[in-house]
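Engineer: Pasting the sequence and the predicted model now:
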Amino acid sequence: MRSPADLRREAHGLSGALPPLLADAEHLASNMLLGAHGRRRPGTGEEFWQYRPAQATDEARLIDWRRSARSDQSFIRDREWQASQTVLLWVDAAQSMGFASRGMPPKADRARALALAVAILLLRGGERVGLAGLEVPPRSGGIQLLRLAEGLLAGQGGDYGAPDIRGMMAKSRALFVSDFMGPFEPVETALTRAADRGVRGALLQVLDPEEEAFPFGGRTVFESMGGGVTHETLQAADLRARYLDRLAERKARLSDLARLTGWQFDCHHTAQSAQSALLWLYGAMEKTR
């Protein structure tokens, strides 16, 4: 059992990491000035969406008589459907996400900032956002952002992670962010089970530039961040082609899996603009409505 002093040190460490993470996420989200947004389909709500010709099945009370008076046809005034939805985030906390080449941020930092920026935009739109698992249930409102940030910074797993689908409700949406460099089967299982529940969402693979380029030669010792996997070679350059083929195969499998389950997939590396990744993420989440 941890002592009170251990818990206090852990709490101080966590609170110290919160401001930079929140600042990064707020900075990303601030460049996308999205107010309360509709759901781009007719339903209950306050925002006008469109006029459409009345149909035989429409009730007379729904007809907009002022608009209809300007035409020989009757028109219905549709409003945007604005019922809030549930979105769950899973950001890989495995040790592999701690990798960073010279001058680059750790993959985990970029992944958390992007996920939290998406959460900011979704919360602004009235959605309920939570973390996959049971630690941070989905809620709306500004205080939820702090809960999400604390949850994203808490704990670290083994060498490689797999999506957690506990707590995912039917017909909800989800975002999975990881390097997806570990065993593929747990990812496939999690996504398939989520899709069976009617969950739709987006997969974002986050990689470091060195993982994309494999700029190694000569004697090299490769070791996973957690030390669980080690491989030594005298001719690292000879492995480059095989490694790049395996990486391309992994991306293709992730893309195919997303397509088959109705999800969206993209790969982002930490030398690229975080803003462009956020734009893709937000657009991908909108497509899953």
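Structural biologist: Done, it's in. Residues are numbered from 1 along each chain as shown.

Engineer: Quick one: residues contacting Arg200.
Structural biologist: Applying C-beta atoms under 8 Å, 6 or more residues apart in numbering to Arg200 gives the contacts Arg173, Ala174, Thr261, Gly262, Trp263, Thr288. C-beta here means a position set from N, CA and C on the backbone, and glycine is covered the same way.

Engineer: got those as CSV, with distance to Glu212, neighbour count and secondary structure columns?
Structural biologist: Converted to CSV, the contacts of Arg200 look like this (distance: C-beta to C-beta, whole Å; neighbours: other C-beta atoms under 10 Å; DSSP: H, G, I helix; E, B strand; the rest coil):
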residue, distance to Glu212, neighbour count, secondary structure
Arg173, 28, 25, strand
Ala174, 26, 25, strand
Thr261, 25, 19, helix
Gly262, 27, 13, coil
Trp263, 22, 25, coil
Thr288, 27, 18, coil
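
Engineer: tell me the two of these that are most distant?
Structural biologist: Arg173 and Thr261 (12.7 Å; C-beta to C-beta).

Engineer: So Val129 lies in a strand, does it not?
Structural biologist: Yes: the assignment for Val129 is a strand, going by DSSP: H, G, I helix; E, B strand; the rest coil.

Engineer: so which helix or strand takes in Ser276?
Structural biologist: Following DSSP states H and E, one finds Ser276 within helix 274-287.

Engineer: Using the three-state scheme, assign the residue nearest the centre of the chain.
Structural biologist: With distances taken as C-alpha atoms, centre = their mean, Leu175 lies nearest the centre of the chain, 3.3 Å away. Three-state assignment for Leu175 (three-state DSSP): strand.

Engineer: buried ones in the helix holding Ser276?
Structural biologist: Buried residues in helix 274-287, counted by 16 or more other C-beta atoms under 10 Å: Ala274, Ala277, Leu278, Trp280, Leu281, Tyr282, Ala284, Met285.

Engineer: about what we covered before: what residues are up against the residue nearest to the centre of the chain?
Structural biologist: Taking C-beta under 8 Å, 6+ apart, we find Leu175 in contact with Val87, Leu88, Leu89, Trp90, Ala115, Val118, Gly201, Ala202, Leu204, Leu281, Met285.

Engineer: got it, and Leu244?
Structural biologist: By C-beta under 8 Å, 6+ apart, Leu244 lies in contact with Phe214.

Engineer: try 10 Å this time
Structural biologist: Counting by C-beta atoms under 10 Å, 6 or more residues apart in numbering, Leu244 touches Glu212, Ala213, Phe214.

Engineer: would you turn these into a markdown table with secondary structure?
Structural biologist: As requested, the contacts of Leu244 are arranged in a markdown table below (three-state DSSP):
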| residue | secondary structure |
| --- | --- |
| Glu212 | helix |
| Ala213 | helix |
| Phe214 | coil |
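
Engineer: Show the contacting residues for Leu152.
Structural biologist: Taking C-beta under 10 Å, 6+ apart, one finds 17-18, 21, 25, 89, 91, 93, 108, 111-113, 115-116, 119, 131, 136, 177 in contact with Leu152.

Engineer: quick revisit: what is in contact with Arg173 and Thr261 at once?
Structural biologist: Common neighbours of Arg173 and Thr261 (C-beta under 10 Å, 6+ apart) are Ala194, Val199, Arg200, Gly201.

Engineer: Can you give me the pLDDT of Arg253?
Structural biologist: We have a pLDDT of 98 for Arg253.

Engineer: picking that back up, ranking the contacts of Leu244 by neighbours, who comes first?
Structural biologist: In terms of neighbours by other C-beta atoms under 10 Å, these top out with Phe214 at 16 neighbours.

Engineer: Provide a list of residues in contact with it.
Structural biologist: Counting by C-beta under 10 Å, 6+ apart, Phe214 makes contact with Ala236, Ala237, Leu239, Arg240, Ala241, Arg242, Tyr243, Leu244, Leu247.
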